[in-house]
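[1] this one's sequence-less:
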Ligand code: SF4
């Protein structure tokens, strides 16, 4: 299954609906509509909706970085599904700028024994406290706050401490980190999964299949604007479009002798 955000009405009307496609073997197999302006909160309700209606369950869930969240990771694990979500920092983490950014905890050493980070200046960032926050779906995450033992006189301070709106003068400030340990762990596990050959193949297919379903509907089928209003009507029209898309897809797969093909193979380099 792959997901893709909709930008169906961008450029014509303010987008009022966020349409999601689940795709499998190049067919649209599930459609959901929400009013969330971003994708991050849409994945879990989408998967729950599938579970409520389908007689089977997809075991591998592939989605782009816009869907990554701790809530999604936890849901997938508890639901017996394997995460192939692309981390939000996946692309940027490969840049030199990111890897040389000393303010990021990813570029600090971590001591799991003492639960402390060690910064570029060799000083310790110790755990202060945990705080809890709830998202709009009601999911509660735990964030651990770490603070440097002392940033006094540090020559790296300008590069390390950001946030110009802080009322405390820079010379009195100590570096703080907010870290969700669970998110950190799940992101790392997923990163290892998506960078295998199979994970790479799934991500490539997500891009082809999910981006493709929207591209065909918008460009080839020239669908630019819903004819009806209201969530129920818009969803109904989206389902009709998906059926039309699937009939076309079946036709082309029969013509091309590809009816048994689920995934496009990776090209050998
Ligand atoms: S500002 Fe603080 S945390 Fe950052 S490098 Fe200097 S001492 Fe370390």
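    Thanks, I have the structure now. In this text the structure is predicted, and so the values were computed from the model without any measurement. Numbers count the residues shown, from 1 in each chain.
[2] the longest helix along the chain - contacts with which helices or strands?
    Longest helix in the chain by number of residues (criterion: DSSP state H): helix 231-255. Packing partners of helix 231-255 (3 or more C-beta pairs under 8 Å, 6 or more residues apart in numbering; DSSP states H and E): strand 18-24, strand 27-34. For the C-beta atoms, the positions are set from N, CA and C on the backbone; glycine is no exception.
[3] average pLDDT across it?
    Mean per-residue pLDDT for helix 231-255: 96.
[4] over to stretch 115-132?
    Stretch 115-132 comes out at a mean pLDDT of 98.
[5] name the residues of the longest helix of the chain that are buried.
    234-235, 238, 241-242, 245-246, 249, 253 (16 or more other C-beta atoms under 10 Å).
[6] and for stretch 191-201?
    Neighbour-count burial for stretch 191-201, counted by 16+ other C-beta under 10 Å, picks out 191, 193-194, 199.
[7] with stretch 132-147 instead?
    By 16+ other C-beta under 10 Å, the buried positions in stretch 132-147 come out as 137, 139, 141, 143-144, 146-147.
[8] let me know the closest of these to residue 224.
    Lowest distance from residue 224 to the buried residues of stretch 132-147 (C-beta to C-beta) belongs to residue 137, with 30.8 Å.
[9] out of everything not next to it in sequence, what's closest to the closest one?
    Closest residue to residue 137 apart from its sequence neighbours, by C-beta to C-beta, 6 or more residues apart in numbering: residue 41 at 5.6 Å.
[10] right, and that neighbour touches residue 139 too?
    No: using C-beta atoms under 8 Å, residue 41 is not in contact with residue 139; the gap is 9.1 Å.
[11] find residues that contact each of these two.
    Common neighbours of residue 41 and residue 139 (criterion: C-beta atoms under 8 Å, 6 or more residues apart in numbering): 69, 71.
[12] up against the ligand, what does the stretch 151-269 of the chain have?
    151, 154, 156-157, 160-161, 175 (C-beta under 6 Å from any ligand atom).
[13] now intersect the residues you listed with the helices, please.
    Reading helices off these with DSSP H, I get 157, 160.
[14] can you give me the strands in the stretch 101-250 of the chain?
    Secondary structure of the stretch 101-250 of the chain (DSSP state E, counting those that start in this stretch): strands at 109-111, 116-118, 124-134, 140-148, 176-179.
[15] parallel or antiparallel, list what pairs with the last one.
    Yep, that's strand 176-179 we're talking about. Looking at strand 176-179 with DSSP bridges, its partner strands are strand 140-148 (antiparallel).
[16] now do the partner strand against strand 124-134, angle only.
    Relative orientation of strand 140-148 versus strand 124-134 (axes from the mean of the first three to the mean of the last three C-alpha atoms, to 10 degrees): 160 degrees.
[17] from the middle of its chain, how far away would strand 140-148 be?
    In terms of C-alpha atoms, centre = their mean, to the nearest Å, the centre of strand 140-148 is found 21 Å from the chain centre.
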